[in-house]
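> sequence-free structure coming up:
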């Protein structure tokens, strides 16, 4: 059926590699850790990120980044956003010219303030798509019904990718608003930290509902200012993903926020996690974007101060609630 290269053997990269392998594709999976690559090849399991789950025999894992692209028709970028540039700068010359690159990471790069597709466009002249939506790897790997969006500017490429990824438990919709889909996936992680803090402080479900609703309003304001479509944020990659990560305890970003709300130290929280909570880094980039484009994002501002300036979460809540009164719209 074809060859697919997956860059990044974390929980999401491994889950999508497995989905594609079970569909009959030959999948080359790159793992940063040589020990992990050897383990998956030897046991067909990923004990670090998806313990106890048997993986497709169509997956071949390597620690050699350039080795996975030889015949790749599609390339999945599943590395954390802040590592995308160095990894693909090294890989760029090895990726076939007719390959389509699909980003499945959700973040905004420090400094450049680019989403992953923006980073990739700077490095590689290839067609670039984004796969996003409300999806936990731990549930998808168990074939729990999930719906996501694949976004690419070229409609025909979108139809091809829709067919590549769609299964009887993983339903794929198409969209042409690449930036909007990416911003939804990135910004909801910051809101999930806020939601986790709220729950960690014991503030109740009314508070959480307010955070989700006003958080969505902030996301839309920034996205529209950057040229994305407002309509995208009523869909899977916007509201859908926001609700999931703000309420689901499997969310890494929610977990970071919850522990902060319970009084834990950020450094200790991050050190204890096997996987990256993208919202931690994105909080700084999202705040910088709001400042650059003069967009009012009070929740993002408070989470930025909690994460990057050590502000007390209780004080952050007080400051949010004591802002000057205004119309909802």
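Happy to help now that I have it. Quick caveat, the model's predicted, so the values are computed rather than measured.
> pull the contacting residues for the nearest residue to residue 57 once chain neighbours are set aside.
Nearest residue to residue 57, sequence neighbours excluded (CB to CB, 6 or more residues apart in numbering): residue 44, at 6.5 Å. Every C-beta, even on glycine, is put in place using the N, C-alpha and C of the backbone. Contact analysis of residue 44 by CB atoms under 8 Å, 6 or more residues apart in numbering lists 54-57, 59.
> which one of the residues you listed has the most neighbours?
residue 59 (24 neighbours; other CB atoms under 10 Å).
> does that residue touch residue 18 like I think?
Yes: in terms of CB atoms under 8 Å, residue 59 counts as a neighbour of residue 18; the distance is 6.7 Å.
> so residue 136 touches residue 250, yeah?
Yes: Residue 136 is in contact with residue 250 according to CB under 8 Å; the separation is 4.6 Å.
> which one's more surrounded, the two?
residue 136 (20 against 13).
> and the more buried one, how close does it get to residue 245?
9 Å (CB to CB, to the nearest Å).
> surely residue 276 touches residue 84?
No: checked against CB under 8 Å, the pair residue 276 and residue 84 is beyond contact range at 11.8 Å.
> compare these two (neighbour count), which wins?
More neighbours surround residue 84 than the other of residue 276 and residue 84, with 26 against 19 (other CB under 10 Å).
> give the buried residues for the helix or strand harbouring that one.
Here residue 84 sits within helix 81-91, counting by DSSP states H and E. For helix 81-91, the neighbour count (16 or more other CB atoms under 10 Å) marks 81-85, 87-88, 91 as buried.
> do a quick rundown of the strands in the stretch 1-150 of the chain.
Using DSSP state E, counting those that start in this stretch, the strands of the stretch 1-150 of the chain run over 3-7, 26-30, 59-62, 74-77, 100-103, 127-132, 146-151.
> in TSV, list those strands along with distance to residue 329 and mean pLDDT.
Output for these, formatted as TSV (distance: least, CB to CB, whole Å; pLDDT from 0 to 100):
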stretch	distance to residue 329	mean pLDDT
strand 3-7	42	97
strand 26-30	46	97
strand 59-62	49	96
strand 74-77	37	98
strand 100-103	33	98
strand 127-132	27	98
strand 146-151	26	98
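> pLDDT weak spots in the chain?
1 (pLDDT under 70).
> look up the closest residue to the residue nearest to the spatial centre of it, ignoring the ones flanking it.
Closest to where the C-alpha atoms of the chain average out (CA atoms, centre = their mean) is residue 106, at 2.6 Å. Distance criterion CB to CB, 6+ apart; nearest residue to residue 106, sequence neighbours excluded, is residue 185 at 3.6 Å.
> quick one: contacts for the one you found?
Shown in contact with residue 185 (CB under 8 Å, 6+ apart): 106, 130, 132-133, 237, 241.
> the same query, at a cut-off of 7 Å, please.
The contact partners of residue 185, by CB atoms under 7 Å, 6 or more residues apart in numbering, come to 106, 132, 237, 241.
> equivalent analysis for residue 316, please.
302, 305-306.
> then residue 254?
By CB under 7 Å, 6+ apart, the residues touching residue 254 are 192, 195-196, 245-246, 248.
> residue 49 now?
10-11, 14, 274-275.
> look at the closest residue to it other than its chain neighbours and say how many residues are nearby.
Closest residue in space to residue 49, ignoring its immediate chain neighbours: residue 11 at 4.2 Å, by CB to CB, 6+ apart. Residues lying near residue 11 (other CB under 10 Å) number 23.
> if anything else comes up later, I'll come back, but that's it for now.
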